[in-house]
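A.B. asks: quick one, what's the 3D model for this:
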Amino acid sequence: MFEYFYHEILRNTIVSFGSLFNNITIKHKNNSNDVTSVIKVPFSYGPTQKFLARLNQSPDLNKPIQITLPRMSFEFTGLTYDSTRKSTTTQTFTAKSITDGKETKKVYLPVPYNLQFEVSIMSKLNDDALQIIEQILPYFQPAYTMTVELIDEINEKRDVPVILENITMQDDYEGDFTSRRVLIYTLRFTAKTYLFGPTSSTTKDIIKKTTISYITGDTTNTPTREVVYSAEPRAIKNYTGIVVTNISNDISTEDTLITVNDISSILPNTYLDIEGEEIFVKLISGNILTVERGKDGTPITSHLAGAAIKSITSTDNELIETGDDFGFSGSTFWYSIKNGKKIRQIKRNIQCRCGNSSSRRRKSFWKNTKIYFRCRWY
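C.D. replies: This next block holds a predicted model:
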């Protein structure tokens, strides 16, 4: 608790709010209704009293340099907790770090807070102030939504509603004829933002391998056999973009023999990616591959000659992204137990059939029990 972190959420929200009023202009016309001047209204951060004090220090209208009216200013005036938007305090979500795209970051759900702002419009002429007001009000009904980047480390952006609460007007006109008149319109807003806590890395916490041990038998007989099953996630597409060879001839959805240009970088019992379809290489004869099509639920499609063939290796397994489908490679050990000792051991490799309705029967262990696999990287 109380470790250092700074996402600049409040700062970014204040800057985003101020940018809403950057491009407001007014026009002055003559008696013929022709535009004589177009003025971009200055807009800056600061309290209204600061600008009024500057005006009072320079009351002489004949001075060549003075504060220009109309002008606008805004100020961050308060921060309150919003219990109506409260979410669970223990739930987290993960996202990829934008620094390298590989590290996975974890952060708790944000805390809702309301930011209060005041926008002041200072004008000498009421018509100037009304032009400014009329350019603002139609966008707030009563809320206007702006998108703010709250955590740039994971590119977390959220829509922040900005609600117009009320408008007040003050005519500050005291003194003699030479004193300067100031009309002040004050608009009060509430921005509903979120504050996030520190982020932490979860890359090392991701489970990369699972092992389950079974002892068969019933409640009355002594178990005589044990099974240990291990599974590891496996990519079902190429992430590195490395092309190992190309298809020599067109292949249809029914073909299981594929002729390639170069066989040197392909080995039996490996997986390949052809335009999004995963295939498993069973045999190699010359430049002809005997394959299983559409592995792990990938769509079986036709491919034209020259289509790139990409390898799927352990490097791709490390690059599986959040939300991607994946398969897994597993192995199963069967062995008997006699007098507390293992006397027989058999290893059998099992490959996942994700994404389709197929199943495998393990009659030697799971008698007449269908096993269905469906995997997704979370």
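A.B. asks: what is the burial count for Val35?
C.D. replies: Each residue near Val35 was counted by other C-beta atoms under 10 Å, and the total is 9. In short, each C-beta sits where N, CA and C put it, glycine included.
A.B. asks: same question, Asp325
C.D. replies: 17.
A.B. asks: I'd assumed Ile236 was in contact with it.
C.D. replies: Yes: counting by C-beta atoms under 8 Å, Asp325 touches Ile236, with 6.2 Å between them.
A.B. asks: and the pLDDT at Thr199?
C.D. replies: Listed pLDDT for Thr199 reads 87.
A.B. asks: residues touching it, list them.
C.D. replies: Applying C-beta atoms under 8 Å, 6 or more residues apart in numbering to Thr199 gives the contacts 5, 105-107, 151, 153-154.
A.B. asks: just Ile98 next, same as before
C.D. replies: 152-155.
A.B. asks: Lys29: which of the contacts of Thr199 is nearest?
C.D. replies: Of all these, Lys29 sits closest to Ile151, with 47.8 Å by C-beta to C-beta.
A.B. asks: can you tell me the closest non-neighbouring residue to that closest one?
C.D. replies: Among residues not flanking Ile151 along the chain, His7 sits closest, at 5.1 Å (C-beta to C-beta, 6 or more residues apart in numbering).
A.B. asks: circling back to that earlier point, just the buried members of the contacts of Ile98?
C.D. replies: 153-154 (16 or more other C-beta atoms under 10 Å).
A.B. asks: in JSON lines: the contacts of Ile98, plus pLDDT, secondary structure and distance to Leu125.
C.D. replies: Converted to JSON lines, these look like this (pLDDT from 0 to 100; DSSP: H, G, I helix; E, B strand; the rest coil; distance: C-beta to C-beta, whole Å):
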{"residue": "Asp152", "pLDDT": "86", "secondary structure": "coil", "distance to Leu125": "43"}
{"residue": "Glu153", "pLDDT": "84", "secondary structure": "coil", "distance to Leu125": "48"}
{"residue": "Ile154", "pLDDT": "85", "secondary structure": "coil", "distance to Leu125": "49"}
{"residue": "Asn155", "pLDDT": "86", "secondary structure": "coil", "distance to Leu125": "45"}
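A.B. asks: of the contacts of Ile98, which is the nearest to Leu183?
C.D. replies: When the contacts of Ile98 are compared against Leu183 (criterion: C-beta to C-beta), the nearest one is Asp152, at 40.3 Å.
A.B. asks: contacting residues for that closest one?
C.D. replies: Asp152 neighbours (C-beta under 8 Å, 6+ apart): 7-8, 98.
A.B. asks: and for the residue nearest to Ile151, the neighbour number?
C.D. replies: Neighbours of His7 (other C-beta under 10 Å): 21.
A.B. asks: likewise Thr270?
C.D. replies: Look at Thr270: counted by other C-beta under 10 Å, it has 15 neighbours.
A.B. asks: got it, and Ile133?
C.D. replies: Neighbour count of Ile133, defined by other C-beta under 10 Å: 16.
A.B. asks: you'd agree it is in a helix?
C.D. replies: Yes: assignment of Ile133 by DSSP: H, G, I helix; E, B strand; the rest coil places it within a helix.
A.B. asks: I'd say it and Ile184 touch.
C.D. replies: No: using C-beta under 8 Å, Ile133 is not in contact with Ile184; the gap is 11.9 Å.
A.B. asks: overlap in contacts of those two?
C.D. replies: Joint contacts of Ile133 and Ile184 (C-beta under 8 Å, 6+ apart) are Ile121.
A.B. asks: which residues touch the residue nearest to Ile151?
C.D. replies: His7 sits in contact with 150-153, 196, where contact means C-beta under 8 Å, 6+ apart.
A.B. asks: go again using 7 Å as the cut-off
C.D. replies: For His7, the contact set (C-beta atoms under 7 Å, 6 or more residues apart in numbering) comprises 150-151, 196.
A.B. asks: kindly report the same for Thr13.
C.D. replies: 115, 148, 160, 191, 193.
A.B. asks: mind pulling the model confidence for it?
C.D. replies: What the model reports as pLDDT for Thr13 is 94.
A.B. asks: that's a helix at it, yeah?
C.D. replies: Yes: assessed by three-state DSSP, Thr13 belongs to a helix.
A.B. asks: how much space between it and Glu103?
C.D. replies: Using C-beta to C-beta, to the nearest Å, we find Thr13 at a distance of 26 Å from Glu103.
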